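> model the structure of this input:
(one chain, ligands or ions: 2)
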Amino acid sequence: MKQLRTQVAIVGAGPAGLLLSHLLHRQGVESVVLERRTREYVERRVRAGLLEHTTVELLRQCGLADRLDREGMRHGGFELRVAGHRNRLDIAALTGHSTYVYGQQELVKDMIRAREEADGQLRFSVADVALDLAEDEGPSTVRCSMDGRPTEITCDFVAGCDGFHGISRQCLPPALLTAHERRYPSAWLGILAATPPTSGELVYAVHERGFALASMRTPEISRLYLQVGPGESLSDWPDERIWKELHARLAVDGETSLTEGRVLERSLVALRSYVAEPMQHGPLFLAGDAAHIVPPTAAKGLNLAVEDVHVLNEAFRSWYATGDRAALDGYSATRLPAVWEAEEFSDWMADLLHRPPDDDPYAARLQQARLDAVVNSHTVARQLAERYVGLSRQTSGREGGAWSWNQA
Ligand code: RFL
Ligand code: PHB
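Ligands and ions are numbered 1, 2, ... in the order given. All right, here's what the predicted structure looks like:
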């Protein structure tokens, strides 16, 4: 049996686990990251693309944004295309902030490289991770199979950064865990295609055939999404059908500006919201998708993961510097208001943009009324813009919040 000792054992080398390990290192706290996939797999996994201004600022502050600043694309607005008519939301003018397009797998590569340069302990292809969590202040043990050998890692804390399907969340005592969940009657079919973006900014298209999103990764690569039924599979969607549907839903006044290209990757994801409360127990702390997920419509998942990790890192700093556990004990309570703000906005965006089920004409009329409000009301548009860039989360949960009721 191989034995290792570290301060924080981190399960999962997605953005949450990698960033936590990087931040801990910068303040002299040791960690080991345990990832079940290979490095190649993790670096190629296509997922998020849209980063909030605050996320980019946080990445800059910790030295992870050099390539992002060179290659990322800064966007000051997006297009909301409704039934073939263009409406541009100028988020920079409405909020003073921009968003950035930079592929999650590029960020993951940057993070892995930074850990490598610092001789960080990143272990890939680790199997059978199991947590033996201390009940008291004593050390915990993480068991796993590393390089084919049974291994035991003794640690002070465990960070569960292993995504929605990981094992960490299951280690919270069931009696203490409340799982809040909503499933949506849609899924997203996503493709990465070798074709230039159809527009300089993102296009969110609401159409009677269903929602479509035209995003991008580079000036040569597009990222395109289609709303599809929840029970569909990738085999139902040959390339020809995908392009036909994208042309129809993204057309402006009947004309399409989309150029077809080679499909480099495709994926299908069911839309779901989930929050685990609390996000911690004893020495275990959950961060990112391990603790909460949102439908991708509002592009919040990765941004929330980055924020979780910053708060958790500050709490570890305080513990290791002063022995004060207050910030660690308060981690979940600190994060949940911001998590719920993003959950609510993501749910609202999902309803705003997706075609409702055929048997719910009332929902269809509500959607129309909401779209009218966004397009015609400066106040509603500004609120959408503030929430889209993440400004509203800066105040959620703080005393007084962004506003307060007048006391009678
Ligand atoms: P991840 O990225 O899922 O990483 C978890 C890691 O843990 C590993 N793992 C294990 N390792 C060891 N032992 C086990 N038992 C393990 N079980 C799992 C996994 O292999 C993996 O490497 O979670 P993390 O780090 O919390 O990061 C979260 C983000 O990945 C996620 O929130 C975003 O991708 C969500 N998301 C978006 N977020 C944004 O902020 N902006 C976007 O534009 C955006 N677009 C998207 C998205 C998610 C999408 N899908 C696929 C759900 C678009 C899509 C289509
Ligand atoms: C993406 O580029 O993957 C993306 C962009 C914006 C979203 C969701 C996903 O709202």
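
> could you report the neighbour count for residue 163?
20 (other CB atoms under 10 Å). Heads up, the C-betas are built off the backbone N, CA and C, glycines and all.

> ok, it - contacts?
By CB atoms under 8 Å, 6 or more residues apart in numbering, the contact list for residue 163 reads 12, 14, 288-290.

> that's a strand at it, yeah?
No - counting by DSSP: H, G, I helix; E, B strand; the rest coil, residue 163 is not part of a strand but coil.

> just give the nearest non-adjacent residue to it, would you?
residue 289 (4.4 Å; CB to CB, 6 or more residues apart in numbering).

> and what of residue 27?
residue 317 (5.2 Å).

> with residue 278 instead?
The shortest distance from residue 278 to any non-neighbouring residue, by CB to CB, 6+ apart, is to residue 332 (3.9 Å).

> what is the host helix or strand of residue 388 packed up against?
Using DSSP states H and E, residue 388 sits within helix 378-389. Under the contact criterion of 3 or more CB pairs under 8 Å, 6 or more residues apart in numbering; DSSP states H and E, helix 378-389 touches strand 85-89, helix 91-95, helix 331-353, helix 361-376.

> give me the residue at the spatial middle of the chain.
residue 301 (1.9 Å; CA atoms, centre = their mean).

> tell me how many other residues crowd the closest residue to it other than its chain neighbours.
Nearest non-adjacent residue to residue 301, counting by CB to CB, 6+ apart: residue 294, 5.7 Å away. A count of nearby residues for residue 294, using other CB under 10 Å, gives 27.

> where does the stretch 251-400 of the chain dip in pLDDT?
395-400 (pLDDT under 70).

> which residues of it lie near ligand 1?
By the rule CB under 6 Å from any ligand atom, the part of the stretch 251-400 of the chain lying against ligand 1 is 269, 288-289, 296, 299-303, 305.

> per-domain residue ranges of this structure.
According to automatic domain parsing, the chain comprises the domains 2-49+103-177+278-344, 181-272.

> any idea how far residue 326 is from the residue nearest to the centre of the chain?
Relative to residue 326, residue 301 is positioned 28 Å away (criterion: CB to CB, to the nearest Å).

> returning to that earlier point: how close does the residue nearest to residue 27 sit to ligand 1?
In this view, residue 317 and ligand 1 are 20 Å apart by CB to the nearest ligand atom, to the nearest Å.

> is it correct that that residue is in contact with residue 28?
No - with contact defined as CB atoms under 8 Å, residue 317 does not reach residue 28; the gap is 9.4 Å.

> neighbour count: those two, which is higher?
Using other CB under 10 Å as the criterion, residue 317 and residue 28 rank with residue 317 on top: 17 against 10.

> where does the stretch 101-250 of the chain have low pLDDT?
Short version for the stretch 101-250 of the chain, where the test is pLDDT under 70: none.

> quick one: residues in contact with stretch 245-254.
With CB under 8 Å, 6+ apart, stretch 245-254 has contacts from 81, 84-86, 198, 203, 205, 207, 209-212, 214, 224, 226, 256-258.

> buried subset of these, written for ChimeraX?
To isolate the buried subset of the contacts of stretch 245-254 in ChimeraX, counting by 16 or more other CB atoms under 10 Å, use the following:
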select :81,84,198,203,205,207,210,211,212,214,224,226,258
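
> that older thread, mind checking which of the residues of the stretch 251-400 of the chain next to ligand 1 are buried?
288-289, 296, 299-303, 305.

> out of these, which are inside helices?
Here DSSP state H is the test, and those give 301-303, 305 as lying in helices.

> could you dump the residues you listed to CSV with distance to residue 236?
As requested, these are exported to CSV (distance: CB to CB, whole Å):
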residue, distance to residue 236
301, 25
302, 28
303, 31
305, 31
